[in-house]
Every structure is written in C-alpha cells, then in structure tokens.
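**Student:** Need coordinates for the below:
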Amino acid sequence: METIESIRQQTYTEWELQLIDDGSDDNTEELISSINDNRIHFYKAGRIGVLGKLKNLGLYKSKGTLIAFMDSDDLWAPDKLAKQVAAFNKYPEAGFCLTGGYSFKKINEPVDYYYKSVEGERYGDLLLPFFQSEVAALMPSLIFRRDCLPVTGKFIEGRLFSDIAFMLKLAAEFKGVVLYEPLLYRRLHAGNTTNDNWELGYTEYISLVEEYKKSGALPTNVWRDVLFKLYINYGEKCLVKKYKLKAASNFFKAWVHKPKSVVPIRKLVKTVLK
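**Tutor:** I've put the predicted structure just below:
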C-alpha cells in the first residue's frame, strides 16, 4: 500500500495505474477496491512469474502517451512524475527520462545513492554511458514515450532480466535525459530476484554486451573494458560460491580481453591456491 500511496501523492495528477496482480495469495484485491480511486485499475493475471510478460501486459492495458513502471515495494518522491514530464517538455526529442535515487531498508534512511551528484541533469546519447556505468539502469526511475515502442519493440519475454535489454534498446535508438535528483527510493530485501539468479544475470548481460559489440555500436576500448570487469566480477562471485573451476574460467576470459593486466593472473593464482 505504501507504493500505491506514493503514486497517489504525486503532484502530477494526470496518471493511470494499471496494477497487474501476478497471482498474489493475500487480500490485495480487497485493499485496492477500498481505495476508491478511479485512476487505479486492478487486473488479476494469474500466476505468470515472467517479468517481461507482466510488463507487456501492462503496456497492452495502458493508454498514456508516457509510460512508467513501478515495483511493488518501491517508492517515488511526490514530484517525480512532474519533474520528468517537465524534462520531456524541455527536451522534446528525448525518448526517455531517468532519475536518481537511493536504496533503503527503513524509510527516509538512505543506504546508498545511485549517483554521486544529487542535482543537475544530463541530456543526449546515453548508450555508451550505460555500458560505462555512468547511467543507472533502474526501471522504476524510467519514463519513456509510447511512440518509442514501434522502434524498440516490447520486453523480451524469454529473458529473465529483460529490463536492461529494453533500456539499452531505448538508449540505442533515442536520446535520453537523466535527472540526478534522487526521486526513486528502492527497498532492499532478502527476496530480490537478482540475489536468486545472480549467475543468469551475469550471462545475460555478457550476451547483451556481445550483441552490441557485434553490431558495431560499442568502440573496442569500451566493450573490452566492460567484458573485462564483468568476467572479473563473475569470477569473484563464483569464488564466494566455491565454484573454483568456473571462477578460474572467468578470470581467464578477463585476461583474454586485457592480456596486459596482472589482475586476472593474480586472481587465477589465488583461485588455484585457495
């Protein structure tokens, strides 16, 4: 209910909320019906369990010219929508807009911010900044124009982590805006999907980098650097999980992309001796 209230408290009031229920077994439907807000539409989807399918269902049911997604336990600042709508008016060629934000366990107690700066903005081509970790791929911070969909297509339903693939497609095709002000507050909890599927997350992101590498969208120095860091981090995670052979394999792949670096060699030695 906190999430819904953070939407209802937006200073920009011309919105609709398509609430897609993915087979909840609590009293969600009763709670929603008690709110008495005709901007909120509840749809019982059954148990789908695939984020891409759920988002595509939301796209199908929505009518707005601007589209945003919200996770069930995150919060928006009251002026988030208003400031992003203003950004679209300021930059009419922008296809999408992102904001800053922070993670929290207790409300109003930030754990970490997603950008060093908490003010200002950035506008332009954001594909390379995404890959260079200068732009945070946070779906609940995103608003994009519905007019982008014929170009980008919808979410890839066969990919578990379809959000980042969609945002990269937006950035590859359209200019974007980043508002550095923290307007998204993401709740940390033990049940995050990425914690359960960390290995698939690495392999899917590596495949995305390979796709953009083959398309020629990424300069050599960029994709080499991105893949190097991915394989190092992947290897480190495998070590934590005690997958020594897989860790060694990833450190070797990192070395292939930067053979002059001693970092993967040291990590390979550490893996063998551990």
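
**Student:** where in the stretch 151-274 of the chain is pLDDT low?
**Tutor:** Where the stretch 151-274 of the chain drops to pLDDT under 70, the residues are 190-196, 274.

**Student:** and if we set it to 50?
**Tutor:** Under the criterion pLDDT under 50, the flagged ranges of the stretch 151-274 of the chain are 193.

**Student:** Tell me which stretches of it form helices.
**Tutor:** Secondary structure of the stretch 151-274 of the chain, counting by DSSP state H, counting those that start in this stretch: helices at 162-173, 193-196, 198-215, 220-240, 244-257, 263-273.

**Student:** Same list as before, these that is, but in JSON lines and with mean neighbour count and distance to Trp15 included.
**Tutor:** From N, CA and C alone the C-beta is placed, and that goes for glycine too. Listed next are the helices of the stretch 151-274 of the chain as JSON lines, based on neighbours: other CB atoms under 10 Å; distance: least, CB to CB, whole Å:
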{"stretch": "helix 162-173", "mean neighbour count": "20", "distance to Trp15": "20"}
{"stretch": "helix 193-196", "mean neighbour count": "11", "distance to Trp15": "26"}
{"stretch": "helix 198-215", "mean neighbour count": "15", "distance to Trp15": "31"}
{"stretch": "helix 220-240", "mean neighbour count": "18", "distance to Trp15": "36"}
{"stretch": "helix 244-257", "mean neighbour count": "19", "distance to Trp15": "44"}
{"stretch": "helix 263-273", "mean neighbour count": "15", "distance to Trp15": "47"}
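
**Student:** Distance of the residue lying closest to Phe96 once chain neighbours are set aside relative to Pro92?
**Tutor:** Excluding its sequence neighbours, the residue lying closest to Phe96 (CB to CB, 6 or more residues apart in numbering) is Phe144, at 3.9 Å. Plainly put, Phe144 is 14 Å away from Pro92 if you go by CB to CB, to the nearest Å.

**Student:** neighbour count winner among those two?
**Tutor:** Phe144 (24 against 7; other CB atoms under 10 Å).

**Student:** What residues does that one make contact with?
**Tutor:** Taking CB atoms under 8 Å, 6 or more residues apart in numbering, we find Phe144 in contact with Leu66, Ile67, Gly95, Phe96, Cys97, Leu170.

**Student:** Now these in CSV, please, with extra columns for secondary structure.
**Tutor:** Below are those laid out as CSV (DSSP: H, G, I helix; E, B strand; the rest coil):
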residue, secondary structure
Leu66, strand
Ile67, strand
Gly95, strand
Phe96, strand
Cys97, strand
Leu170, helix
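
**Student:** Name the nearest of the residues you listed relative to Ser33.
**Tutor:** For the contacts of Phe144, the residue nearest Ser33 by CB to CB is Ile67; the value is 24.5 Å.

**Student:** How many residues are close by that closest one?
**Tutor:** The number of residues packed around Ile67, counting by other CB under 10 Å, is 19.

**Student:** How much space separates it from Met167?
**Tutor:** Going from Ile67 to Met167 by CB to CB gives 13 Å.

**Student:** phi, psi of the residue nearest to Phe96?
**Tutor:** Per-residue torsions, Phe144: phi -140, psi 160 (degrees, to the nearest 10).
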